[in-house]
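In: Next come a sequence and a model predicted from it.
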Amino acid sequence: MDGLLTPRESAEFIAENSRDVFIDGVGVRRVAELLLAKAAGPELRVGAWKAFHDLNPKAADEAAVNWVFVTDTLNFSFWSESDEHKCLVGYGGKTYSGYWSLCAAVNRALDEGIPVTSASYYATVTLDEVRHILRSDTDVPMPLIEERHRILNETGKILLEKFEGSFLNCVRKSDKSAQKLLHLVVESFPSYRDVTQFEGKRISFYKRAQILVADTWSVLEGKGDGCFKDISRITMFADYRLPQVLVYLGALKYSDELLEKLLKGEMLSYGNRQEVEIRGCSLWCVELIRNCLLELTEKKGEKTSGEINSILLDYFLWDYARDHREDMKGIPFHRTRCIYY
Ligand SMILES: Nc1nc2c(c(CN[C@H]3C=C[C@H](O)[C@@H]3O)cn2[C@@H]2O[C@H](COP(=O)(O)O)[C@@H](O)[C@H]2O)c(=O)[nH]1
């Protein structure tokens with residue numbers, strides 16, 4: 001096998017060789033125009049991470065960075081067999097599902113005096129304690145609870161051994177480089193190694209490692225330890241929601257065979273050719289949307305609130321998918337059960 005391709009190189013290679021997933025140039029431009037209208041707005045800026053999301057920490061201190069680390073360590077696989085029966089967590093008078101149910105559970109635990117963001121706690125937390133911390137208000141538990149427990153113990157032990165128990169120490173070893181932090185994370189923490197192969201090449205998506213770097217940049221408001229000079233090299237995060245919204249917006253298309261399979265709710269295993277094509281083409285699609293948006297902003301002389309990178313586009317599209325859940329009901333998301341996204 002050749003050397004490991006970066007997520008961006010992987011995505012370009014996959015898009016060039018994809019058989020069941022296609023990028024639609026007209027759709028790409030349409031999404032870029034949708035985003036152009038928001039370019040100078042409050043959404044497409046690093047401050048949106050705190051301003052638009054109640055559950056995210058408002059502080060920019062070490063505790064907030066460790067909140068991001070434990071949350072992104074568990075940031076995977078929230079989808080349920082049926083949308084009518086899923087894990088829900090009530091917090092602060094609201095009910096949360098999916099990724100937000102995890103954040104609500106973390107904040108609920110902290111309110112209950114459980115130090116769930118402290119490595120010294122989760123390095124030895126028991127399965128029963130994790131079940132209690134992540135408990136659902138419905139009879140449907142959060143998926144992969146056993147894996148979440150194993151990963152908490154594994155990750156907590158490594159954070160204690162290598163970084164004195166605080167992710168901020170890991171950030172401070174990255175020389176304010178997003179790429180260095182990304183590689184430090186995947187080298188240190190096995191559960192972040194989102195790598196597979198496609199057409200004989202070793203490819204990487206690093207979805208949770210990239211979103212960890214992005215969320216660290218966001219929680220630190222792009223300042224101080226979070227002032228990464230190369231933050232724009234981070235790509236979108238190849239999860240199961242972005243492909244769904246890109247298909248809904250017409251920027252991504254599936255072959256009839258793949259669409260039929262997804263509509264039937266068939267599972268795709270991690271590393272399966274079609275699963276890799278969905279993730280890789282989504283990532284490349286967002287890169288093309290970003291290029292088109294940058295061209296449009298230059299042509300129109302649009303003012304933007306700082307550089308618009310793939311992180312901000314991803315966050316916007318992910319929030320858009322969340323806000324248009326009903327409209328997107330007819331578009332299937334792909335079902336892969338794994339610890340990587
Ligand atoms: N591409 C991308 N994927 C993201 C996120 C997030 C949340 N992060 C930011 C969002 C707001 C704050 O700004 C957070 O920073 C979660 N996910 C993924 O989605 C899936 C869960 O979906 P649902 O079942 O609908 O909750 C699961 O794979 C989860 O890993 C993102 O931003 N981008």
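Out: Good, I have the coordinates.
In: mind listing what the nearest residue to residue 174 once chain neighbours are set aside touches?
Out: Leaving aside its sequence neighbours, residue 174 sits nearest to residue 181 (CB to CB, 6 or more residues apart in numbering; 3.7 Å). Heads up, the C-betas are built off the backbone N, CA and C, glycines and all. By CB atoms under 8 Å, 6 or more residues apart in numbering, the contact set of residue 181 is 170, 171, 174, 213, 216, 228.
In: pretty sure residue 21 is touching residue 277, no?
Out: Yes. Using CB atoms under 8 Å, residue 21 makes contact with residue 277 at a distance of 4.2 Å.
In: Now the lengthiest helix in the chain: buried residues?
Out: Scanning the chain for the longest helix, with DSSP state H as the assignment, gives helix 273-300. Buried residues in helix 273-300, counted by 16 or more other CB atoms under 10 Å: 274-290, 292-294, 296-297.
In: related to what we said a few turns ago, with neighbour count and secondary structure as added columns, please give the contacts of residue 181 in TSV.
Out: Conversion of these to TSV gives the following (neighbours: other CB atoms under 10 Å; DSSP: H, G, I helix; E, B strand; the rest coil):
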residue	neighbour count	secondary structure
170	22	helix
171	26	helix
174	19	coil
213	29	helix
216	26	helix
228	25	coil
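In: Adding pLDDT and distance to residue 6, write the residues you listed out as JSON lines.
Out: Converted to JSON lines, the contacts of residue 181 look like this (pLDDT from 0 to 100; distance: CB to CB, whole Å):
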{"residue": "170", "pLDDT": "98", "distance to residue 6": "20"}
{"residue": "171", "pLDDT": "98", "distance to residue 6": "21"}
{"residue": "174", "pLDDT": "98", "distance to residue 6": "17"}
{"residue": "213", "pLDDT": "98", "distance to residue 6": "13"}
{"residue": "216", "pLDDT": "98", "distance to residue 6": "19"}
{"residue": "228", "pLDDT": "97", "distance to residue 6": "16"}
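In: Let me know the closest of those to residue 237.
Out: Ranked by distance to residue 237 (CB to CB), the contacts of residue 181 are led by residue 213 at 10.0 Å.
In: which residues touch that closest one?
Out: Contacts for residue 213 (CB under 8 Å, 6+ apart) come out as 178, 181, 182, 185, 228, 231, 234.
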